[in-house]
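>>> test case, fold it:
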Amino acid sequence: MGRFVTVATDHASSQTSVEVAARHPDVWATVGLHPHDAKLGVDGLEALLDAPRVVAVGECGLDYHYEHSPRDVQRAAFAAQIALAHRHDLALVVHTREAWDDTFAVLDAEGVPARTVIHCFTGGPDEAQACLDRGTFLSFSGIVTFRNATDVQAAAERCPIDRLLVETDSPFLAPVPHRGKPNRPAWVTAVGEAVAGLKGLAPAELAAAVWANAERVFRFS
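Residues are numbered from 1 along each chain as shown. Have a look, this model is predicted:
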């Protein structure tokens, strides 16, 4: 059976994710506030965290590329959501863009939850090692299939197989050979095949490891 994690980015999508997961036995939900929307505040999120089939807080974190919310507000919302993950023993799904130093600073100050995922990893091998040193999992998206994404590819090569996940980030970042189209969950196989090639593994071997890692992180069972 396929398994889907529908990832929330604000209050409305958090509520929708919970409702969709309740209707479908192969769907699980996250509840969280994306850094773009940090200015909306985290009030009200915690009430959703005890709903059935909620497996993580997020995506949350820091985005200094667009700065749709002020940086200090982003950091406060990120810290608050890390605290929620600790309090409810949930995984944490982290978005970080052009904000590695502050992302690590907030994680270090608040304590990295045991099941933390750096979603849609966009760093290179140095950032990957810094994440791994903190015990996180790295999740690779369609970016790893792009010809010019050499830093991300090097990070995938460095990442141990027991700390690696793949994702689509649908509807964004469609992998090669589907670039330019709206992404879809079915194309996660292209991401997995690319990572398997980088690591010199058979796709089936990588798939088995990713399934096991996803179970450890999100506790589907």
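>>> list the contacts for the nearest residue to V55 once chain neighbours are set aside?
Excluding its sequence neighbours, the residue lying closest to V55 (CB to CB, 6 or more residues apart in numbering) is F218, at 4.2 Å. The C-beta positions use only the backbone N, C-alpha and C, and glycine is treated the same way. By CB atoms under 8 Å, 6 or more residues apart in numbering, the residues touching F218 are 5, 28, 55-56, 91, 115.
>>> among those, who's most crowded?
A56 (29 neighbours; other CB atoms under 10 Å).
>>> three-state assignment of that one?
Recorded secondary structure, A56: strand (DSSP: H, G, I helix; E, B strand; the rest coil).
>>> tell me what it is bridged to.
T30, A91 (DSSP bridges).
>>> quick revisit: could you check the pLDDT of the residue nearest to V55?
At F218, the predicted lDDT confidence score is 98.
>>> list the buried residues for stretch 100-109?
100, 102-104, 106-107 (16 or more other CB atoms under 10 Å).
>>> tabulate the residues you listed (JSON lines), appending secondary structure.
Listed next are those as JSON lines, based on three-state DSSP:
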{"residue": "W100", "secondary structure": "helix"}
{"residue": "D102", "secondary structure": "helix"}
{"residue": "T103", "secondary structure": "helix"}
{"residue": "F104", "secondary structure": "helix"}
{"residue": "V106", "secondary structure": "helix"}
{"residue": "L107", "secondary structure": "helix"}
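>>> of those, which is the nearest to G197?
Lowest distance from G197 to the buried residues of stretch 100-109 (CB to CB) belongs to W100, with 26.5 Å.
>>> let me see the contact set for the closest one.
By CB under 8 Å, 6+ apart, the neighbours of W100 are 123, 127, 130.
>>> state the distance from the first one to W100.
As defined by CB to CB, to the nearest Å, G123 lies at a distance of 6 Å from W100.
>>> sketch out the low-pLDDT regions of the protein for me.
Counting by pLDDT under 70, the chain has low-confidence residues at 1.
>>> that one: strands as residue ranges?
4-6, 27-31, 54-63, 91-97, 116-118, 137-140, 164-166 (DSSP state E).
>>> wait, doesn't P185 sit right on S170?
Yes - using CB atoms under 8 Å, P185 makes contact with S170 at a distance of 5.6 Å.
>>> re earlier: of the contacts of W100, grab the buried ones for ChimeraX.
Here is the ChimeraX command that picks out the buried ones among the contacts of W100, judged by 16+ other CB under 10 Å:
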select :123,127,130
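>>> between the contacts of W100, which is nearest H68?
H68 lies nearest to G123 out of these, by CB to CB, at 21.3 Å.
>>> quick one: residues contacting that closest one.
Per CB under 8 Å, 6+ apart, neighbours of G123: 100, 131, 151-152, 155.
>>> restricted to helices, list those.
Per DSSP state H, helices hold the following members of the contacts of G123: 100, 131, 151-152, 155.
>>> a markdown table for the residues you listed, including distance to Q15?
Listed next are the ones in helices among the contacts of G123 as a markdown table, based on distance: CB to CB, whole Å:
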| residue | distance to Q15 |
| --- | --- |
| W100 | 31 |
| C131 | 30 |
| D151 | 36 |
| V152 | 33 |
| A155 | 34 |
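>>> filter those residues to the buried ones?
Buried, going by 16+ other CB under 10 Å: 100, 131, 151-152, 155, out of these.
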